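Undergrad: Structure for this input, please:
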Amino acid sequence: MIDHVFDATTGATILNIFLLILCLYPVMGSFFWFCGSLSYRWLRSEKADSNWKVLPPEKQPMVTIMIPAHNEEIMIADTINYLFKELNYQNFEVLLMDDGSTDKTAEIVTELEEIYPRLRMIHIVKNKGKAHAFNIGMYFAKGDYILSNDADTIPEPDALMKYMNYFIHDRDLNTSAVTANMDVQNRTKLLAKSQTVEFSSIVGVIKRSQAAINDSMYAYSGANTMYRKNFLIDVGGFRQDRATEDISIAWDHQAIGAVPRFAPNIVFHMNVPETIPDLYRQRKRWAQGGTEVWLTNIKKFIFHPIKRRYQLSMFIDSTLSIIWSFFFLITTAIFLITIIYFFMTGNWERLLHSIEMSFIFVNFEMLAGFMQLLAALILDHHGAKLKYLLFAPWYMLFYWMINPITVVMTFIPAMKTIFGRGSGTWKSPERKKFTK
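TA: Predicted coordinates for the structure are as follows:
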């Protein structure tokens, strides 16, 4: 009898601890990333990343800038012109993968091929997705290094030179890829401006923390990442049936012992969604891709935890994130039902108490988000984005709400992908011309 009571008490204690961890997961996560970003700054000083050297033309490794494109007639000419006119690097080519475009993308690039001898285009008859186009292109690439560059992405002029400084030293032999620091190009609307905060904090700080902890990285940036080609071939290229090829390839690289790198001193500018529906579609794709990676690797970590010990923190965080997403939506529904019940029954004391407790919890989240964002905005671009500080916690709160919704909504599609029903077919978002 005593043993039975003891087991019940122990089980209840473990359950309560687990529920407490789930409740505090966003807060603990923010403090964790906050400490990790400071560790990156002081223990792995970014000054080392800034001490890059200019390589003379005869010592510049050959780089293939690959642009997978599907119906990009709005942006493609501006992007190609920029790459050839503005980049401070000599030994590169641009390889455009026309993935079944039905607009004037191919016609525009054909005209540009007459102007730029180092521009080549490969036609893929049927649209099968970015990963498929990239896998074909890497076998036509002349360079030993391949820069994945989206059709709407503009790297800084010194980007290629800085990238190569992460590959040329003896200590860099195991570096599989280097991903750069994202910045938002289209800041005409409030939603787009808000995402400048996200890429500095939620992306920039997290990548710094991952690099500081164990040289790991949850995901590359598909919009602008430099890959060592032989490491792409070693893992069989990109997974073509995944929603996010850049997340999958990062985990695949680390599974073979390769080292991904984050380069905060390399900046590229990209277009982001400017409407809620576009943002939601993008985040659904990201969430599905993250869940697909988790489902793909779950058996490997459960049955071989020692072998996968260097990526174990990534797996634990991904597991908690997915479980917390379901926990958040379930408890939110229970909370709303409870609030309605108290209101309908006139139990004003319990109603007020519930609102007060939720207010306290939300404020803890915003405080944690504020600290994470403060560190991010100070570290990123030398404090140039500090003007967004007061607005930033509200966006963090919005992010914490939309993220679990997208994870839950895409969990079943992610499972279908794992069981062989995934598709990499893509559709480019609506583009708008930018002015340089």
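
Undergrad: And the contacts of the helix or strand residue 78 falls within?
TA: In this assignment (DSSP states H and E), residue 78 forms part of helix 76-86. Residues outside helix 76-86 that contact it (CB atoms under 8 Å, 6 or more residues apart in numbering): 65, 67, 69, 94, 96, 105, 108-109, 112, 116, 118-119, 149, 151-155, 157, 433-434, 436. Placement of C-beta: from N, CA and C, glycine included.

Undergrad: switch to 6 Å and redo it
TA: Helix 76-86 is contacted by residues 94, 105, 108, 112, 116, 151, 154, 157 when judged by CB atoms under 6 Å, 6 or more residues apart in numbering.

Undergrad: Just the buried residues of that helix, please?
TA: By neighbour count with 16 or more other CB atoms under 10 Å, helix 76-86 contains the buried residues 76-80, 82-84.

Undergrad: Ok, stretch 271-290 next?
TA: Neighbour counts over stretch 271-290 (16+ other CB under 10 Å) mark 271-274, 279, 283-290 as buried.

Undergrad: among those residues, which two are most distant?
TA: Largest separation among these by CB to CB: 274 and 290, giving 23.4 Å.

Undergrad: separation between residue 283 and residue 411?
TA: According to CB to CB, to the nearest Å, residue 283 and residue 411 sit 14 Å apart.

Undergrad: Please apply the same query to residue 113.
TA: 44 Å.

Undergrad: same question, residue 30
TA: As judged by CB to CB, residue 30 and residue 411 stand 24 Å apart.

Undergrad: Can you pick out the residue with more neighbours from these two?
TA: residue 30 (26 against 17; other CB atoms under 10 Å).

Undergrad: Setting the sequence-adjacent residues aside, check what's closest to that one.
TA: Spatial nearest neighbour of residue 30, excluding adjacent residues (CB to CB, 6 or more residues apart in numbering): residue 368 at 3.5 Å.

Undergrad: and that neighbour, how many neighbours?
TA: Counted with other CB under 10 Å, the neighbours of residue 368 add up to 22.

Undergrad: Pretty sure it sits in a helix.
TA: Yes - Residue 368: assigned to a helix according to DSSP: H, G, I helix; E, B strand; the rest coil.

Undergrad: any residues touching the biggest strand by length in the chain, and which ones?
TA: Ranked by residue count and defined by DSSP state E, the top strand of the chain is strand 259-270. Taking contacts as CB under 6 Å, 6+ apart, the residues outside strand 259-270 that touch it are 46, 49-50, 153-156, 159, 162, 166, 174-181, 183, 185, 207, 211, 215, 217, 223-224, 250, 253.

Undergrad: neighbouring strands for it, and are they parallel or not?
TA: With DSSP bridges as the test, strand 259-270 is paired with strand 154-155 (antiparallel), strand 175-184 (parallel).

Undergrad: So what's the residue count around residue 195?
TA: The tally of other residues near residue 195 (other CB under 10 Å) stands at 24.

Undergrad: Then residue 405?
TA: Residues lying near residue 405 (other CB under 10 Å) number 17.

Undergrad: burial count for the nearest residue in space to it that is not next to it in sequence?
TA: Residue nearest to residue 405 in three dimensions, not counting chain neighbours: residue 329, with 7.0 Å by CB to CB, 6+ apart. Residues lying near residue 329 (other CB under 10 Å) number 16.

Undergrad: other SSEs contacting whichever strand or helix holds residue 329?
TA: Of the helices and strands defined by DSSP H and E, residue 329 is found in helix 312-345. Secondary-structure packing of helix 312-345 (3 or more CB pairs under 6 Å, 6 or more residues apart in numbering; DSSP states H and E): helix 2-43, helix 348-379, helix 392-409.

Undergrad: So for that helix, mean pLDDT?
TA: The average pLDDT for helix 312-345 rounds to 89.

Undergrad: which parts of it are buried?
TA: So, applying 16+ other CB under 10 Å, buried residues of helix 312-345: 313-315, 317-318, 320-322, 324-325, 327-329, 342.

Undergrad: for those, which one is nearest residue 234?
TA: residue 314 (19.7 Å).

Undergrad: List the contacts of that closest one.
TA: With contact taken as CB under 6 Å, 6+ apart, residue 314 is in contact with 216, 218.

Undergrad: ok, back up a step: distance of the residue nearest to residue 30 relative to residue 331?
TA: From residue 368 to residue 331 the distance is 18 Å (CB to CB).

Undergrad: I'd like to know how many residues surround the residue nearest to residue 118 when sequence neighbours are not counted.
TA: In this structure, residue 118 finds its nearest non-sequential neighbour in residue 93, 4.5 Å apart by CB to CB, 6+ apart. Residue 93 sits with 17 neighbouring residues when counted by other CB under 10 Å.

Undergrad: which is the next helix or strand following the helix holding residue 78?
TA: Beyond helix 76-86 toward the C-terminal end (DSSP H and E), the next one is strand 92-99.

Undergrad: re earlier: now for the residue nearest to residue 30: which residues touch it?
TA: Listed by CB under 6 Å, 6+ apart, the contact set of residue 368 reads 27, 30-31.

Undergrad: ok, the closest residue to residue 350 other than its chain neighbours to residue 400 distance?
TA: Closest residue in space to residue 350, ignoring its immediate chain neighbours: residue 342 at 4.9 Å, by CB to CB, 6+ apart. In this view, residue 342 and residue 400 are 25 Å apart by CB to CB.

Undergrad: And residue 341, by the same measure?
TA: Separation of residue 341 from residue 400 (CB to CB): 25 Å.
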